[in-house]
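>>> Let me see the structure of the following:
(one chain, ligands or ions: 1)
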Amino acid sequence: MTVTTIERFILDNQPAYASGELTNLLYDLALAAKIIAHKTNRAGLIDILGEAGAINVQGESQQKLDIYANQIMRQLCDHTGRLCLMISEEQEDPIHIPERYRKGSYVLVFDPLDGSSNIDVNVSIGTIFGIYRCLDEAQRGRLEDALQPPGDLVAAGYVLYGASTMMVYSAGNGVHGFTLNPEYGEFLLSHPNLVLPEPPAYFSVNSSYYSRWSPGVQQFVDWLQGREADSPRLSARYIGSLVADFHRNLLRGGIFCYPAEDERDEGKLRLLYEAGPLAFLIDQAGGYASNGRRPILEITPTQPHQRTALFIGNRGLVERLEAFIRQDDGASTQ
Ligand code: P6P
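Numbering: from 1, shown residues only. Take a look at the predicted model:
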(Lines give C-alpha, C1' and ligand atoms only; values in the text may rest on other atoms or scores of the structure.)
Protein backbone atom coordinates (compact mmCIF):
# COMPACT_ATOMS: atom_id res chain seq x y z
CA MET A 1 0.00 0.00 0.00
CA THR A 2 1.78 3.15 -1.14
CA VAL A 3 1.28 6.28 0.95
CA THR A 4 0.88 9.35 -1.25
CA THR A 5 0.81 12.72 0.46
CA ILE A 6 -1.08 15.57 -1.19
CA GLU A 7 2.22 17.40 -1.69
CA ARG A 8 3.70 14.44 -3.59
CA PHE A 9 0.51 14.01 -5.62
CA ILE A 10 0.27 17.70 -6.56
CA LEU A 11 3.91 17.73 -7.65
CA ASP A 12 3.56 14.54 -9.69
CA ASN A 13 0.34 15.72 -11.34
CA GLN A 14 0.83 19.43 -11.81
CA PRO A 15 -0.46 20.61 -15.17
CA ALA A 16 2.29 20.90 -17.76
CA TYR A 17 1.80 24.66 -18.01
CA ALA A 18 2.09 25.23 -14.25
CA SER A 19 5.28 27.06 -13.42
CA GLY A 20 5.20 25.84 -9.85
CA GLU A 21 3.06 28.76 -8.65
CA LEU A 22 -0.14 26.73 -8.96
CA THR A 23 1.48 23.74 -7.28
CA ASN A 24 2.69 25.88 -4.40
CA LEU A 25 -0.71 27.59 -4.14
CA LEU A 26 -2.37 24.18 -3.70
CA TYR A 27 0.18 23.38 -0.97
CA ASP A 28 -0.76 26.65 0.75
CA LEU A 29 -4.45 25.73 0.63
CA ALA A 30 -3.72 22.28 2.08
CA LEU A 31 -1.90 23.95 4.98
CA ALA A 32 -4.78 26.39 5.49
CA ALA A 33 -7.13 23.40 5.60
CA LYS A 34 -5.06 21.75 8.36
CA ILE A 35 -5.04 24.93 10.43
CA ILE A 36 -8.77 25.54 10.02
CA ALA A 37 -9.53 21.87 10.74
CA HIS A 38 -7.59 22.09 13.99
CA LYS A 39 -9.90 24.88 15.12
CA THR A 40 -13.23 23.59 13.78
CA ASN A 41 -12.65 20.13 15.26
CA ARG A 42 -12.60 21.74 18.72
CA ALA A 43 -15.35 24.28 18.07
CA GLY A 44 -17.54 22.85 20.77
CA LEU A 45 -14.69 22.97 23.27
CA ILE A 46 -13.84 26.62 22.80
CA ASP A 47 -16.55 27.55 25.29
CA ILE A 48 -15.42 24.95 27.82
CA LEU A 49 -11.67 25.24 27.48
CA GLY A 50 -11.62 29.00 27.04
CA GLU A 51 -9.11 28.50 24.26
CA ALA A 52 -6.78 31.35 23.45
CA GLY A 53 -8.25 33.93 21.12
CA ALA A 54 -11.70 32.80 21.98
CA ILE A 55 -13.57 33.67 25.08
CA ASN A 56 -14.77 35.93 27.80
CA VAL A 57 -17.79 35.21 29.97
CA GLN A 58 -20.25 36.52 27.38
CA GLY A 59 -18.33 34.86 24.57
CA GLU A 60 -18.10 38.26 22.88
CA SER A 61 -14.38 37.93 22.18
CA GLN A 62 -14.85 34.47 20.76
CA GLN A 63 -13.70 34.70 17.19
CA LYS A 64 -16.36 33.48 14.79
CA LEU A 65 -14.90 30.47 13.00
CA ASP A 66 -15.78 31.74 9.56
CA ILE A 67 -13.92 35.00 10.27
CA TYR A 68 -11.02 32.94 11.63
CA ALA A 69 -11.03 30.75 8.52
CA ASN A 70 -11.05 33.84 6.33
CA GLN A 71 -8.06 35.27 8.18
CA ILE A 72 -6.12 32.02 7.81
CA MET A 73 -6.79 31.87 4.07
CA ARG A 74 -5.66 35.49 3.66
CA GLN A 75 -2.60 35.24 5.87
CA LEU A 76 -1.31 32.11 4.14
CA CYS A 77 -1.88 33.45 0.64
CA ASP A 78 -1.43 37.23 0.51
CA HIS A 79 2.40 37.39 0.64
CA THR A 80 3.56 34.31 -1.29
CA GLY A 81 3.81 35.96 -4.69
CA ARG A 82 1.43 33.43 -6.24
CA LEU A 83 -1.73 35.58 -6.25
CA CYS A 84 -2.73 38.91 -7.71
CA LEU A 85 -6.22 39.06 -6.17
CA MET A 86 -8.56 37.27 -3.76
CA ILE A 87 -12.35 37.29 -3.45
CA SER A 88 -13.80 35.99 -0.19
CA GLU A 89 -17.41 35.33 0.77
CA GLU A 90 -16.54 36.99 4.08
CA GLN A 91 -15.50 40.30 2.52
CA GLU A 92 -17.61 42.62 0.38
CA ASP A 93 -14.61 44.12 -1.42
CA PRO A 94 -11.91 42.31 -3.40
CA ILE A 95 -8.76 41.54 -1.40
CA HIS A 96 -5.78 43.16 -3.12
CA ILE A 97 -2.21 41.99 -2.58
CA PRO A 98 -0.34 44.50 -0.36
CA GLU A 99 2.06 46.67 -2.35
CA ARG A 100 5.05 45.31 -0.41
CA TYR A 101 4.50 41.84 -1.83
CA ARG A 102 5.08 40.57 -5.38
CA LYS A 103 1.93 39.79 -7.34
CA GLY A 104 1.57 36.37 -8.92
CA SER A 105 -0.49 35.15 -11.86
CA TYR A 106 -3.39 33.55 -10.03
CA VAL A 107 -6.67 34.66 -8.51
CA LEU A 108 -8.16 32.84 -5.52
CA VAL A 109 -11.93 32.91 -4.96
CA PHE A 110 -13.18 31.21 -1.83
CA ASP A 111 -15.85 30.67 0.78
CA PRO A 112 -13.70 30.17 3.87
CA LEU A 113 -16.28 28.30 5.92
CA ASP A 114 -19.56 27.52 4.20
CA GLY A 115 -22.41 26.37 6.38
CA SER A 116 -20.80 27.78 9.53
CA SER A 117 -24.24 28.07 11.16
CA ASN A 118 -24.08 24.26 11.38
CA ILE A 119 -21.07 24.34 13.71
CA ASP A 120 -23.24 24.74 16.79
CA VAL A 121 -25.05 21.50 16.00
CA ASN A 122 -21.88 19.62 15.05
CA VAL A 123 -22.78 19.22 11.39
CA SER A 124 -19.97 19.01 8.82
CA ILE A 125 -18.95 22.30 7.19
CA GLY A 126 -16.57 23.18 4.41
CA THR A 127 -14.20 25.52 2.62
CA ILE A 128 -14.72 25.98 -1.14
CA PHE A 129 -12.08 27.47 -3.47
CA GLY A 130 -11.47 28.23 -7.13
CA ILE A 131 -8.30 29.37 -8.90
CA TYR A 132 -8.16 31.46 -12.11
CA ARG A 133 -5.19 32.78 -14.06
CA CYS A 134 -5.11 36.55 -14.48
CA LEU A 135 -6.24 37.73 -17.93
CA ASP A 136 -3.29 40.02 -18.60
CA GLU A 137 0.13 39.45 -17.02
CA ALA A 138 0.88 43.13 -17.52
CA GLN A 139 -2.20 44.20 -15.51
CA ARG A 140 -2.50 41.63 -12.74
CA GLY A 141 -5.15 41.94 -10.07
CA ARG A 142 -8.00 43.72 -11.84
CA LEU A 143 -11.56 42.75 -10.85
CA GLU A 144 -12.00 41.29 -14.34
CA ASP A 145 -9.43 38.66 -13.38
CA ALA A 146 -11.95 37.27 -10.87
CA LEU A 147 -15.07 37.74 -13.00
CA GLN A 148 -14.36 34.83 -15.36
CA PRO A 149 -16.78 32.00 -16.17
CA PRO A 150 -16.20 28.89 -14.03
CA GLY A 151 -15.25 27.00 -17.20
CA ASP A 152 -12.03 29.05 -17.19
CA LEU A 153 -10.98 27.88 -13.72
CA VAL A 154 -7.54 26.22 -13.69
CA ALA A 155 -8.25 24.44 -10.41
CA ALA A 156 -10.99 24.13 -7.81
CA GLY A 157 -11.71 22.16 -4.69
CA TYR A 158 -13.14 21.98 -1.23
CA VAL A 159 -12.24 20.93 2.29
CA LEU A 160 -14.83 19.00 4.28
CA TYR A 161 -14.52 19.27 8.06
CA GLY A 162 -16.49 16.20 9.05
CA ALA A 163 -15.96 12.85 10.75
CA SER A 164 -12.60 13.15 9.06
CA THR A 165 -11.12 16.15 7.30
CA MET A 166 -10.92 15.70 3.54
CA MET A 167 -9.53 17.87 0.78
CA VAL A 168 -10.90 17.21 -2.69
CA TYR A 169 -9.49 19.08 -5.70
CA SER A 170 -9.04 19.06 -9.44
CA ALA A 171 -6.49 20.92 -11.58
CA GLY A 172 -8.24 19.79 -14.74
CA ASN A 173 -6.95 16.25 -14.68
CA GLY A 174 -9.61 14.37 -12.72
CA VAL A 175 -10.92 14.79 -9.17
CA HIS A 176 -8.86 13.44 -6.27
CA GLY A 177 -9.65 13.14 -2.56
CA PHE A 178 -7.23 13.27 0.36
CA THR A 179 -7.96 12.43 3.98
CA LEU A 180 -6.11 14.15 6.81
CA ASN A 181 -4.12 11.87 9.08
CA PRO A 182 -4.20 13.98 12.25
CA GLU A 183 -1.42 11.93 13.86
CA TYR A 184 1.16 13.46 11.60
CA GLY A 185 -0.82 16.23 9.97
CA GLU A 186 -0.64 14.95 6.41
CA PHE A 187 -3.36 14.72 3.77
CA LEU A 188 -3.04 11.23 2.25
CA LEU A 189 -4.51 10.18 -1.09
CA SER A 190 -7.63 8.22 -0.22
CA HIS A 191 -9.99 8.76 -3.19
CA PRO A 192 -8.06 8.94 -6.49
CA ASN A 193 -9.91 9.71 -9.72
CA LEU A 194 -13.38 10.28 -8.29
CA VAL A 195 -16.10 9.74 -10.92
CA LEU A 196 -19.83 10.11 -10.29
CA PRO A 197 -21.31 6.61 -9.99
CA GLU A 198 -24.34 5.51 -11.99
CA PRO A 199 -27.12 4.97 -11.11
CA PRO A 200 -27.35 7.85 -8.63
CA ALA A 201 -28.50 7.18 -5.09
CA TYR A 202 -29.68 10.50 -3.63
CA PHE A 203 -31.41 13.80 -4.23
CA SER A 204 -30.84 16.83 -2.01
CA VAL A 205 -33.28 19.74 -1.82
CA ASN A 206 -34.95 21.72 0.95
CA SER A 207 -38.51 20.58 0.21
CA SER A 208 -39.98 23.08 2.72
CA TYR A 209 -39.54 25.72 -0.01
CA TYR A 210 -41.71 23.78 -2.52
CA SER A 211 -44.38 26.50 -2.75
CA ARG A 212 -41.73 29.10 -3.71
CA TRP A 213 -40.50 27.25 -6.79
CA SER A 214 -41.55 27.53 -10.42
CA PRO A 215 -43.98 24.87 -11.78
CA GLY A 216 -41.14 23.22 -13.70
CA VAL A 217 -39.02 22.78 -10.57
CA GLN A 218 -42.04 21.57 -8.58
CA GLN A 219 -42.79 18.94 -11.21
CA PHE A 220 -39.14 17.88 -11.32
CA VAL A 221 -39.05 17.39 -7.55
CA ASP A 222 -42.36 15.46 -7.74
CA TRP A 223 -40.65 13.25 -10.32
CA LEU A 224 -37.58 12.84 -8.13
CA GLN A 225 -39.84 11.73 -5.28
CA GLY A 226 -41.20 8.82 -7.29
CA ARG A 227 -44.56 10.21 -8.38
CA GLU A 228 -44.12 9.26 -12.04
CA ALA A 229 -43.84 5.86 -13.73
CA ASP A 230 -40.33 6.69 -14.94
CA SER A 231 -39.16 8.27 -11.68
CA PRO A 232 -35.67 7.29 -10.52
CA ARG A 233 -35.34 5.32 -7.30
CA LEU A 234 -33.53 7.81 -5.07
CA SER A 235 -33.34 8.50 -1.36
CA ALA A 236 -33.66 12.03 0.01
CA ARG A 237 -30.68 13.41 1.91
CA TYR A 238 -30.36 17.08 2.82
CA ILE A 239 -27.78 18.07 5.40
CA GLY A 240 -28.12 21.80 4.86
CA SER A 241 -24.36 22.12 4.40
CA LEU A 242 -23.45 22.48 0.72
CA VAL A 243 -20.02 20.85 0.87
CA ALA A 244 -21.33 17.88 2.88
CA ASP A 245 -24.29 17.33 0.53
CA PHE A 246 -22.09 17.76 -2.53
CA HIS A 247 -19.42 15.37 -1.22
CA ARG A 248 -21.92 12.60 -0.44
CA ASN A 249 -23.49 12.93 -3.88
CA LEU A 250 -20.07 12.93 -5.55
CA LEU A 251 -19.24 9.61 -3.86
CA ARG A 252 -22.68 7.96 -4.21
CA GLY A 253 -24.27 9.71 -7.18
CA GLY A 254 -27.16 12.11 -7.00
CA ILE A 255 -28.36 15.66 -7.52
CA PHE A 256 -28.21 18.69 -5.27
CA CYS A 257 -30.77 21.41 -5.95
CA TYR A 258 -31.01 24.96 -4.68
CA PRO A 259 -33.65 26.47 -6.99
CA ALA A 260 -34.55 30.07 -7.57
CA GLU A 261 -37.60 31.14 -5.55
CA ASP A 262 -40.37 33.65 -6.09
CA GLU A 263 -38.69 36.00 -3.60
CA ARG A 264 -35.14 35.09 -4.62
CA ASP A 265 -35.01 34.86 -8.40
CA GLU A 266 -31.26 34.11 -8.31
CA GLY A 267 -31.54 31.59 -5.49
CA LYS A 268 -29.29 31.68 -2.41
CA LEU A 269 -25.92 30.21 -3.38
CA ARG A 270 -23.07 32.28 -4.78
CA LEU A 271 -21.81 31.78 -8.34
CA LEU A 272 -18.15 32.77 -8.02
CA TYR A 273 -16.96 30.84 -4.96
CA GLU A 274 -19.65 28.20 -4.37
CA ALA A 275 -21.49 27.05 -7.53
CA GLY A 276 -18.59 27.75 -9.93
CA PRO A 277 -15.85 25.68 -8.26
CA LEU A 278 -18.28 22.81 -7.59
CA ALA A 279 -19.44 22.94 -11.22
CA PHE A 280 -15.78 22.62 -12.31
CA LEU A 281 -15.36 19.61 -10.03
CA ILE A 282 -18.56 17.84 -11.08
CA ASP A 283 -17.64 18.34 -14.75
CA GLN A 284 -14.27 16.72 -14.05
CA ALA A 285 -16.12 13.86 -12.31
CA GLY A 286 -18.40 13.25 -15.32
CA GLY A 287 -21.41 15.21 -14.06
CA TYR A 288 -23.10 18.51 -14.90
CA ALA A 289 -24.15 21.74 -13.18
CA SER A 290 -26.89 24.09 -14.37
CA ASN A 291 -28.76 27.15 -13.17
CA GLY A 292 -31.86 25.46 -14.58
CA ARG A 293 -31.42 26.78 -18.11
CA ARG A 294 -27.71 26.85 -18.92
CA PRO A 295 -24.41 25.38 -17.74
CA ILE A 296 -22.94 27.04 -14.66
CA LEU A 297 -19.53 26.74 -16.37
CA GLU A 298 -20.67 29.21 -19.06
CA ILE A 299 -22.04 31.94 -16.79
CA THR A 300 -19.73 34.95 -16.64
CA PRO A 301 -20.11 36.71 -13.26
CA THR A 302 -20.86 40.42 -13.34
CA GLN A 303 -20.56 40.89 -9.57
CA PRO A 304 -18.24 39.04 -7.13
CA HIS A 305 -21.09 38.02 -4.81
CA GLN A 306 -23.88 37.37 -7.27
CA ARG A 307 -26.14 34.43 -6.57
CA THR A 308 -27.35 31.63 -8.84
CA ALA A 309 -29.80 28.79 -8.79
CA LEU A 310 -27.88 25.51 -8.70
CA PHE A 311 -28.69 21.99 -9.87
CA ILE A 312 -25.57 19.80 -9.77
CA GLY A 313 -24.82 16.09 -10.01
CA ASN A 314 -25.41 13.20 -12.41
CA ARG A 315 -25.88 14.62 -15.91
CA GLY A 316 -29.09 12.67 -16.63
CA LEU A 317 -30.85 14.12 -13.58
CA VAL A 318 -29.74 17.71 -14.22
CA GLU A 319 -30.68 17.56 -17.91
CA ARG A 320 -34.11 16.17 -16.92
CA LEU A 321 -34.55 19.19 -14.64
CA GLU A 322 -33.71 21.51 -17.54
CA ALA A 323 -36.33 19.69 -19.66
CA PHE A 324 -39.01 20.19 -17.00
CA ILE A 325 -38.17 23.89 -16.83
CA ARG A 326 -38.22 24.31 -20.63
CA GLN A 327 -41.56 22.52 -20.80
CA ASP A 328 -43.29 24.17 -17.86
CA ASP A 329 -41.64 27.52 -17.30
CA GLY A 330 -41.52 28.65 -20.89
CA ALA A 331 -38.70 30.47 -22.62
CA SER A 332 -36.51 32.73 -20.54
CA THR A 333 -33.31 34.55 -21.19
CA GLN A 334 -31.95 33.61 -17.75
P1 P6P B 1 -31.25 26.37 3.49
C2 P6P B 1 -25.48 27.07 4.45
O3 P6P B 1 -26.02 28.23 5.07
C4 P6P B 1 -25.72 27.21 2.95
O5 P6P B 1 -25.09 28.35 2.45
C6 P6P B 1 -25.23 25.96 2.23
O7 P6P B 1 -24.12 25.39 2.82
C8 P6P B 1 -26.45 25.06 2.26
O9 P6P B 1 -26.51 24.16 1.18
C10 P6P B 1 -27.61 26.05 2.20
O11 P6P B 1 -27.12 27.29 2.71
C12 P6P B 1 -28.79 25.61 3.03
O13 P6P B 1 -29.79 26.61 2.87
O14 P6P B 1 -32.06 27.55 2.96
O15 P6P B 1 -31.77 25.04 2.94
O16 P6P B 1 -31.09 26.35 4.98
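>>> what domains does the record give for this structure?
Here the domain parsing of the chain from automatic domain parsing is 6-193, 202-332.
>>> And the average pLDDT for the last one is what?
Taken as a whole, domain 202-332 carries a mean pLDDT of 96.
>>> got the domains of the chain as JSON lines, with mean neighbour count columns?
Every residue, glycine included, has its C-beta placed from N, CA and C. Formatted as JSON lines, those follow (neighbours: other Cβ atoms under 10 Å):
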{"stretch": "domain 6-193", "mean neighbour count": "18"}
{"stretch": "domain 202-332", "mean neighbour count": "20"}
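>>> TSV for these, including distance to the ligand?
Output for the domains of the chain, formatted as TSV (distance: least, Cβ to the nearest ligand atom, whole Å):
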stretch	distance to the ligand
domain 6-193	4
domain 202-332	3
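>>> For the residue nearest to Gln148 when sequence neighbours are not counted, list each beta-bridge partner.
Among residues not flanking Gln148 along the chain, Tyr132 sits closest, at 5.1 Å (Cβ to Cβ, 6 or more residues apart in numbering). Per DSSP bridges, the residues bridged to Tyr132 are Val107.
>>> Now do the contacts for Tyr132.
Going by Cβ atoms under 8 Å, 6 or more residues apart in numbering, Tyr132 touches Tyr106, Val107, Val109, Asp145, Ala146, Gln148, Asp152, Leu153, Val154.
>>> for the stretch 101-250 of the chain, what spans make up the strands?
For the stretch 101-250 of the chain, applying DSSP state E, counting those that start in this stretch gives strands covering 106-114, 125-133, 155-161, 165-170, 175-181, 186-194, 202-204, 235-236.
>>> got a markdown table for these, with distance to Gln139 too?
What follows is these, written out as a markdown table (distance: least, Cβ to Cβ, whole Å):
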| stretch | distance to Gln139 |
| --- | --- |
| strand 106-114 | 13 |
| strand 125-133 | 13 |
| strand 155-161 | 22 |
| strand 165-170 | 28 |
| strand 175-181 | 32 |
| strand 186-194 | 35 |
| strand 202-204 | 41 |
| strand 235-236 | 48 |
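>>> Which parts of the protein are helices?
Using DSSP state H, the helices of the chain run over 6-12, 21-40, 43-45, 65-77, 215-224, 242-252, 276-284, 315-329.
>>> residue ranges with poor pLDDT in the stretch 51-200 of the chain?
Where the stretch 51-200 of the chain drops to pLDDT under 70, the residues are 51-63.
>>> swap the cut-off to 50 and go again
For the stretch 51-200 of the chain, applying pLDDT under 50 flags the ranges 51-52, 54-62.
>>> which non-adjacent residue is nearest Arg264?
Arg264 sits nearest to Arg307 (Cβ to Cβ, 6+ apart), 7.3 Å away.
>>> Gly226 too?
That would be Arg233: by Cβ to Cβ, 6+ apart, it lies 7.2 Å from Gly226.
>>> ok, so what distance separates the one you found from Pro199?
8 Å (Cβ to Cβ, to the nearest Å).
>>> Could you do Gly115 as well?
Taking Cβ to Cβ, one finds Gly115 at 27 Å from Pro199.
>>> Then Arg133?
Using Cβ to Cβ, Arg133 is found at 37 Å from Pro199.
>>> now Ser105
Distance, Ser105 to Pro199, using Cβ to Cβ: 41 Å.
>>> now do Gly287
Going from Gly287 to Pro199 by Cβ to Cβ gives 13 Å.
>>> joint contacts of these two?
Between them, Gly287 and Pro199 share these contacting residues under Cβ under 8 Å, 6+ apart: Asn314.
>>> Tell me which residue is most central in this structure.
Nearest to the mean C-alpha position of the chain, counting by Cα atoms, centre = their mean, stands Ile128 at 3.5 Å.
>>> Return the residues in contact with that one.
Here Ile128 is in contact with Phe110, Asp111, Asp114, Gly157, Tyr158, Leu242, Val243, Tyr273, Glu274, Pro277, Leu278 (criterion: Cβ under 8 Å, 6+ apart).
>>> Any idea what it is bridged to?
Where Ile128 sits in a bridge, its partners, by DSSP bridges, are Asp111, Tyr158.
>>> picking up where we left off before, which two of the contacts of Tyr132 have the greatest separation?
Ala146 and Val154 (13.1 Å; Cβ to Cβ).
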